[in-house]
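Chemist: build the 3D model from these lines:
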Amino acid sequence: MRQGEQSTLNSFDPPTPATDPVQQKLQASLERFRTLAESSFDLVAEVDAQGVYQYLSPNHRHVLGWDIDSIVGKSSLDFVHPDQRKFVEQRLRQAAVEGGGSAEIQVRDGNGQWRWFESTGKLFHTPQGEVRFALISRDTTARHDADDRVKKEQEFQRRLVLLQDADRRLMAYEIHDGLVQDLYGALLFLDALKAESKLVNHDLATFQSAVQLLRGAIEEARRLINGLRPPVLDEQGLVAAIEHLANDMEQTWDLTVNFSADVAFDRLTPTIENAIYRIVQESLNNVQKHAGVTEARVRLKQEGELIHICVEDHGKGFQPEETSEKSYGLAGVRDRARILGGSAEIDSQPGAGTTVRVILPLTTPEVL
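Modeler: As a prediction, the model looks like this:
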């Protein structure tokens, strides 16, 4: 504060009794404000148009550990995080035009630690015509800390999903390029041996049993590969993989899947492709097991950098909050969407069918 200048609120020293009615009303208003400011759990402050502190409520000492007398007269920007100072300056100019505003900022406390505060300001003018802002601030540090913990947990889970997908891709390749190729080579060898050898009945039966076991082992290996990561997903992409899944559902379970895709992308990252495929697969499995219908609909729609996934049926439906096998499976859909930065909504009622809606970002960093 400049020497000789007196704030409208100053330090709330008891005013000299006024005789003028206007001054009496002003003093009464200041007394009411002082009572509110000093009894509030929030922080109450007054700054001028340049952001210089003209008044700080006593709670600044308790919450921030500030020496109020030494801070009044200093710029509030000196206590704002350096990364936010330009933002606060802009908000002050904007508030001077709009008559007020709000912002969430980091403020340095008396121990040099950064604390988060949600501040709301209201413009007013002193009797001398000076622009001032009355600020009310609430400590939101605990909420930010909780949000940070949630974000860190989500980031950990996201990286875990990425690592698991990378491991599954590697394992699928190793099974295909190693075990399956060896089994297939042994099968070809036996077929050639059968053509060149004369086997008696007993030997032929044993030989054919060995061939059947090899064929079964190859099919089981391929099933494992498909469970880890469908080869068609790598070879032809997401849309072709879901079309292949729809054909399998119709041939295996007599479930007709009407599939449509309105997308501009050709390929996505392996993790996102796998996530979308698994979401559709789990949703269709749920239809096949529980809906009691022979038809379902799958839609993919790209909107900018987001992909919308919708799987719906007109079957039995259920209560989404039920703890059962069907809701457990769909809980995995929710978790996968959340971990990858998206959202999932399960809309179902008994007798009214089920609709699964998922939104995912199209870009998710891969694990190097």
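
Chemist: what sits up against stretch 60-78?
Modeler: For stretch 60-78, the external contacting residues (CB atoms under 8 Å, 6 or more residues apart in numbering) are 1, 11, 43, 45, 47, 50-56, 58, 79, 85, 88-89, 107, 109-111, 115, 139. All C-beta atoms are positioned from the backbone trio N, CA, C, and that covers glycine.

Chemist: report the buried residues of that stretch.
Modeler: His60, Val63, Leu64, Trp66, Ile68, Ile71, Val72, Ser76, Leu77 (16 or more other CB atoms under 10 Å).

Chemist: what's the answer for stretch 136-155, then?
Modeler: Buried, per 16+ other CB under 10 Å, within stretch 136-155: Ile136, Ser137, Arg138, Asp139, Thr140, Thr141, His144.

Chemist: isn't the last one right up against Trp116?
Modeler: Yes. Under the criterion of CB atoms under 8 Å, His144 makes contact with Trp116 at 4.5 Å.

Chemist: residues in contact with the most centrally placed residue in the chain?
Modeler: Geometric centre of the chain, nearest residue: Gly341, 3.7 Å, by CA atoms, centre = their mean. Neighbour list for Gly341: Gln154, Arg158, Leu360, Pro361, Thr364 [criterion: CB under 8 Å, 6+ apart].

Chemist: measure it to Glu235 for me?
Modeler: 27 Å (CB to CB, to the nearest Å).

Chemist: show me where the stretch 1-150 of the chain has helices.
Modeler: All helices of the stretch 1-150 of the chain, identified by DSSP state H, counting those that start in this stretch, fall at 21-39, 59-64, 68-71, 85-98, 141-174.

Chemist: let me have the ones you listed in CSV, extended by mean pLDDT and distance to Arg267.
Modeler: Formatted as CSV, those follow (pLDDT from 0 to 100; distance: least, CB to CB, whole Å):
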stretch, mean pLDDT, distance to Arg267
helix 21-39, 70, 60
helix 59-64, 90, 53
helix 68-71, 92, 58
helix 85-98, 88, 39
helix 141-174, 76, 14
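
Chemist: now do the SS call for Tyr184.
Modeler: Per DSSP: H, G, I helix; E, B strand; the rest coil, the local secondary structure of Tyr184 is helix.

Chemist: tally of neighbours for it?
Modeler: 15 (other CB atoms under 10 Å).

Chemist: let's verify the nearest residue to it once chain neighbours are set aside: helix, strand, or coil?
Modeler: Distance criterion CB to CB, 6 or more residues apart in numbering; nearest residue to Tyr184, sequence neighbours excluded, is Ile218 at 6.1 Å. Taken by three-state DSSP, the conformation at Ile218 corresponds to helix.

Chemist: what about Ile218, distance to Gln236?
Modeler: 22 Å.

Chemist: neighbour count: these two, which is higher?
Modeler: Ile218 (18 against 14).

Chemist: please enumerate the strands of the stretch 101-250 of the chain.
Modeler: 114-125, 131-139 (DSSP state E, counting those that start in this stretch).

Chemist: show me what the longest one pairs with in its sheet, parallel or antiparallel.
Modeler: So the one you mean is strand 114-125. Sheet pairing of strand 114-125 (DSSP bridges) gives strand 100-108 (antiparallel), strand 131-139 (antiparallel).

Chemist: as JSON lines, these with distance to Ile242 would be great.
Modeler: Shown next, in JSON lines, are those (distance: least, CB to CB, whole Å):
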{"stretch": "strand 100-108", "distance to Ile242": "42"}
{"stretch": "strand 131-139", "distance to Ile242": "48"}
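
Chemist: of all these, which lies closest to Pro231?
Modeler: Nearest to Pro231, of all these, is strand 100-108, at 49.0 Å by CB to CB.

Chemist: how far does that closest one sit from the chain's center?
Modeler: From the chain centre to the centre of strand 100-108 is a distance of 24 Å (CA atoms, centre = their mean, to the nearest Å).

Chemist: buried stuff in it?
Modeler: Gly101, Ala103, Ile105, Gln106, Val107, Arg108.

Chemist: which single one of the residues you listed is nearest to Val150?
Modeler: Using CB to CB, Gln106 is the member of the buried residues of strand 100-108 that lies nearest Val150, at 18.7 Å.

Chemist: what's the most distant pair in the contacts of Gly341?
Modeler: Greatest spatial distance among those (CB to CB): Gln154 and Leu360, at 14.0 Å.

Chemist: how about Phe133, nearest residue that isn't a chain neighbour?
Modeler: Closest to Phe133 by CB to CB, 6+ apart is Gly121, at 4.4 Å.

Chemist: which residues does the one you found bridge with?
Modeler: Those that pair with Gly121 in a beta bridge, by DSSP bridges, are Gly101, Leu135.

Chemist: can you tell me how far it is from Leu183?
Modeler: Counting by CB to CB, the gap from Gly121 to Leu183 is 73 Å.

Chemist: kind regards, and thank you for your time.
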